[in-house]
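Asks: Provide a 3D model corresponding to the input given below.
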Amino acid sequence: PGPSPTPPALTDQDVLNFALQLEYLEGNYYSYAVSGQGIPAALQTGTGAQGNVVTGTGPGAARQVSFTDPVVQQYAREIAFDEIGHITLLRGALGSAATAQPVINLSGSATVTVGNATPVGAFTAAARAAGVVGPNAIFDPFANDENFLIGSYLLTDVGVSAYRGAARLITNKTFLEASAGILATECYHDGVIRAELWRRGLTVPAIYDAVARISAGRDALDGSFDLDQDIGNAAVANLVPTDPGGLVLGRTGRQVLNVVYLNPAATQGGGFFPSGVNGTIRDSGGP
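Replies: Numbering: from 1, shown residues only. Just a heads-up that it's a prediction; the model follows:
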């Protein structure tokens, strides 16, 4: 057989639609945590197969968090507002080319129903794989302030690396400016989350261990490169994950999909996106 054909070059629309798929995940997570509901129905339509948010039932189900710390509650409220803004902005820039919200596994339940399948809630699957909880335990990111922050770290850290990695692919200056603005906002979000987790770790040291395990777990998914950083420990904080040049770390689209699909191999769905994402960038391709 001859050589494999060269895949077509990605367009700006391809890149923005990939970002939109990730924003659907983050937007729904923060919206459920703040209000017990997902993003507005008007923001879910588009090209490709439109899917629902799989919330699960019982312990670990996606729901409003009963925050006890008003500071964390305000973080969550503001981030939820920003994420819906990102979805609205990207959909506006893409117009009729905007992709629909795919099926999103937003649960920490022991099992959820996705079509005829009954996978583990994605947050629990990620936590088990990383060793944050035991093989039969669940991780409920909606249970309390601390778990919510750990769930936020799990998602938002990946979002930052995705925007950093995509920057070199965008050619349209208007789209690039929008992407840069979203990256900056996501970095603010991530910095707040990491700082709050580090502060809480001073009195609950197990937080440092949980975050370190999640970080190592993501690195095990995205290939042989060291693209992830934890928050440090009580002696030395690592609030801003950067390379030696002080730049935030970046992942390729394939590496991001390895992480959110919770699979280091080449696949087109799983984890937080049981049926995959919509758009051109949807195959993790392996590390």
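Asks: from here on, contacts and neighbour counts on C-alpha atoms
Replies: Noted.
Asks: For Leu90, identify the helix or strand it belongs to.
Replies: helix 70-94 (DSSP states H and E).
Asks: what's next to that helix, contact-wise?
Replies: 13, 16-17, 20, 23-24, 26-27, 30-31, 33-34, 39, 43, 67, 98, 145, 175, 182, 189, 192 (CA atoms under 8 Å, 6 or more residues apart in numbering).
Asks: So what's the residue count around Thr118?
Replies: Number of residues near Thr118 (other CA atoms under 10 Å) recorded here: 11.
Asks: how close does the closest residue to Ile170 other than its chain neighbours get to Tyr29?
Replies: What sits nearest to Ile170 in space, not counting adjacent residues and going by CA to CA, 6 or more residues apart in numbering, is Asp12, at 5.3 Å. Distance of Asp12 to Tyr29, computed by CA to CA, to the nearest Å: 26 Å.
Asks: Of these two, which one has the most company?
Replies: Per other CA under 10 Å, whichever of Asp12 and Tyr29 has more neighbours is Tyr29, with 32 against 17.
Asks: In contact with that one, which residues?
Replies: Here Tyr29 is in contact with 38, 62, 106 (CA under 8 Å, 6+ apart).
Asks: Count the neighbours of Ile281 for me.
Replies: Neighbour tally, Ile281, other CA under 10 Å: 19.
Asks: Which strand or helix spans it?
Replies: If you go by DSSP H and E, Ile281 is not part of any helix or strand.
Asks: Stretch 269-280 - what's its average pLDDT?
Replies: Within the predicted structure, the mean pLDDT of stretch 269-280 is 97.
Asks: And the contacts of that stretch?
Replies: Counting by CA under 8 Å, 6+ apart, 14, 17-18, 21, 25, 47-49, 99-106, 114, 122-123, 125-126, 260-263, 268, 282-283 sit against stretch 269-280.
Asks: Quick one: buried ones out of these?
Replies: Burial by neighbour count, 16 or more other CA atoms under 10 Å: within those this picks out 14, 17-18, 21, 25, 49, 99-106, 114, 122-123, 125-126, 260-263, 268, 282-283.
Asks: any idea where the strands of the stretch 51-200 of the chain begin and end?
Replies: 53-54, 104-105 (DSSP state E, counting those that start in this stretch).
Asks: Reformat those strands as JSON lines; add distance to Leu249 and mean pLDDT.
Replies: Conversion of these to JSON lines gives the following (distance: least, CA to CA, whole Å; pLDDT from 0 to 100):
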{"stretch": "strand 53-54", "distance to Leu249": "29", "mean pLDDT": "98"}
{"stretch": "strand 104-105", "distance to Leu249": "25", "mean pLDDT": "98"}
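Asks: All good on my end, thank you.
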